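>>> Predicted structure and sequence below. I'll ask about it afterward.
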Amino acid sequence: MRAVRSLLCGVFALGFLFFVRLSALVLLDIVRRPSAHFPATLASASATLALPVLSAVYGMAFWSGWRARPSARTWGMAASAANSLLAGFFFVVDGQALGQAGTALFRADALLLVIGVAGFFAFTRLEAIQDEPTASPVSGDGTHGLLNRAVWLVGAGGFLAGIVAWSRWGHGKGLPAFGNSIVHELGLLVVAELAMVAVHELGHAAVARGLGMKLRAFIVGPLQWRLRDGHWEFRFILFGLFGIGGGTAAVPRNRQQPVWRELCMVAAGPAGSFAAGFLALALALTAPGHFWQPAWGLLAFFSTLSLLTSALNCIPFRAGSFYSDGARIAQMLSGGLWADLHRAFSAAAATTVTPLRPRDYDIAAIERASASIAAGEDALLLRLLASSYYLDWGRLPEAGKALSEAEALYQQSQCDLPADLWTSFIFGKAYVQRDSAGTLAWWERLEAQKPPQQTVDYWLARSAACWAEQRLDDAWESWEKGNALAQKSPNVGAYETDRDLFALLRRELEASRTARMQPGLVVNAGYPVSRMAISQA
């Protein structure tokens, strides 16, 4: 959603520049020809006064959104209302009365309405805008704070300029307008954007498959396909229509995948957009007199969006936690920290769909990256990856140390964590660190999130938490439910690891049950543990 707001800020900046220029021209004309403006009618006076007001509204919306001020919500909604009202005005009023330039500029009244509606959705969300992650640069990530914001201004301006150019060209060729109604134009724009995103993501996906990588997810606006538990699941997310974006998740099948394969996969998106955009451009320019002439408006929208996407995606920029394809390529080519980050997170994602396990992580890359990143969500995830690696090898002291570092980072940042990461903390505190109080604290955090209760991660965490409280009957019940699910799970690395964790926990539960009948058993951190676990630690 932050990316949508950044794009809207670019639109607001363009509106500010346009109305400031128009206000200045009207003021100069009043000074030069006062007799032509006075006495003024109510309508003309209102129109003259509206220009600087609109300039102020768009300017404040741009500035407050750019600076992530709390007032961005109010000014953003005001500017979005202005966009919607202007769209209705230019739809009703005869464009010829504004002159040829006005006709060309405001022929895209449907686009103004889309921007206005999108603004209402973007600026009325409940979360505080100032609390969102900003697009400020991360040291060494190859992006720049000014460029991170300016790219949205360039994109919005480029698209509006493209639509103006197409409108003039079509008028000169005697072609009909983009659509025969505002609803038709809106539909064409949405279809063109969905098609553009689909082609871009298909470029990523096709090359990934061709190079032997494994697909995990494919997203085009509201259409989402994800590989879960060995099966592809489809979901339709209606809100995706208001901020159409996409994504392709592909991971290596083995730990030795060369970097050039991922580089090719990333570069395939902009390349696919460029090829499709160029083809659509050629078809649109040759549309007059051919059977595809009725589709010239759709082709014009598609070619403009595709060519802009191809060009802008090659620029290294960051929007929130999203990096452009150009930024990802630059990071992988630069080596060092960011190459290590890509390698670490790619291997972690691969465990969910391939036989790779945490023990297959490149621990040297993880530790090099951890030495350079001391705060934030990436730092926390790196420590959890290191803890999982050491736990999978049975090296409990190193696993416990990495877990403590991750916990300290969480206390600093309070990141939003998915359920499987909460489970990593709960199991780690219980089994690795033997910290009953810490285990229960993390369990309470997980319960506060109201997680789904029919997952392997949930039952593993609940069993470990009950064991820490010495509620052995509840621990066994949760263990049996979770283990049954784990045994039915696909033969991929993450679930193989889960099955091993259930086996470890079973030994501890059996030891605790035996301890009840054997007084004098060693007690560590407040609850019984097996002697084998103590010797490992």
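Here it is on my side, so go on.
>>> CA only for contacts and neighbour counts going forward, please
OK.
>>> which SS state does residue 225 fall under?
strand (DSSP: H, G, I helix; E, B strand; the rest coil).
>>> What is the burial count for the residue nearest to residue 466 when sequence neighbours are not counted?
Once flanking residues are discounted, residue 466 sits nearest to residue 475: 4.9 Å by CA to CA, 6 or more residues apart in numbering. Neighbourhood size, residue 475 [other CA atoms under 10 Å]: 24.
>>> Can you give me the pLDDT of residue 475?
The per-residue pLDDT reported for residue 475 equals 92.
>>> cool, and residue 232?
At residue 232, the predicted lDDT confidence score is 89.
>>> which strands and helices sit next to whichever strand or helix holds it?
In this assignment (DSSP states H and E), residue 232 forms part of strand 231-236. Using 3 or more CA pairs under 8 Å, 6 or more residues apart in numbering; DSSP states H and E as the contact test, the elements touching strand 231-236 are strand 223-228.
>>> Identify all contacting residues around the strand it packs on.
Applying CA atoms under 8 Å, 6 or more residues apart in numbering, the external contacts of strand 223-228 come out as 215-219, 232-237, 240, 353.
>>> re the thing from before, name the surrounding residues that touch the strand holding residue 232.
With CA under 8 Å, 6+ apart as the test, strand 231-236 has contacts from 222, 223, 224, 225, 226, 227.
>>> One more pass at 10 Å, please.
216-227, 353, 490 (CA atoms under 10 Å, 6 or more residues apart in numbering).
>>> now swap in stretch 412-423 and tell me
375-377, 380-381, 384, 406-410, 426-429, 439, 442-443, 445-447, 449-452, 455-462, 464-465.
>>> Any of these buried? List them.
377, 380-381, 384, 406-407, 409-410, 426-429, 439, 442-443, 446, 456-462, 464-465 (16 or more other CA atoms under 10 Å).
>>> coming back round to it: tell me which entries of the contacts of stretch 412-423 lie within helices.
Of the contacts of stretch 412-423, the ones assigned to helices by DSSP state H are 377, 380-381, 384, 406-410, 426-427, 439, 442-443, 445-447, 456-462, 464-465.
>>> ranges for the strands of the protein?
Secondary structure of the chain (DSSP state E): strands at 214-220, 223-228, 231-236, 246-251, 318-319, 322-323, 523-524, 527-528.
>>> Of all those strands, which one comes closest to residue 79?
strand 318-319 (21.8 Å; CA to CA).
>>> Tell me the strands beside the closest one, with direction?
Neighbouring strands of strand 318-319 in its sheet, by DSSP bridges, are strand 322-323 (antiparallel).
>>> neighbouring contacts of the strand it pairs with?
3, 135, 141, 143, 148, 313, 315, 316, 317, 328, 329.
>>> Next up, the contacts around the closest residue to residue 159 other than its chain neighbours.
Leaving aside its chain neighbours, residue 159 sits nearest to residue 304 (6.6 Å; criterion: CA to CA, 6+ apart). Applying CA under 10 Å, 6+ apart, we find residue 304 in contact with 158-163, 166, 192-193, 196, 277-278, 280-281.
>>> Let's have those residues in JSON lines, adding neighbour count.
As requested, the contacts of residue 304 are exported to JSON lines (neighbours: other CA atoms under 10 Å):
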{"residue": "158", "neighbour count": "15"}
{"residue": "159", "neighbour count": "17"}
{"residue": "160", "neighbour count": "20"}
{"residue": "161", "neighbour count": "14"}
{"residue": "162", "neighbour count": "18"}
{"residue": "163", "neighbour count": "23"}
{"residue": "166", "neighbour count": "22"}
{"residue": "192", "neighbour count": "22"}
{"residue": "193", "neighbour count": "24"}
{"residue": "196", "neighbour count": "27"}
{"residue": "277", "neighbour count": "26"}
{"residue": "278", "neighbour count": "17"}
{"residue": "280", "neighbour count": "22"}
{"residue": "281", "neighbour count": "21"}
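>>> residue boundaries of the helices in the stretch 301-450 of the chain?
325-334, 336-350, 363-372, 377-392, 396-413, 419-427, 436-448 (DSSP state H, counting those that start in this stretch).
>>> now the stretch 1-150 of the chain
Going by DSSP H, counting those that start in this stretch, the stretch 1-150 of the chain shows helices at 2-32, 42-66, 72-92, 99-106, 109-123, 145-172.
>>> hey, least reliable of those helices by pLDDT?
Looking at these, the bottom one is helix 99-106 with a mean of 39.
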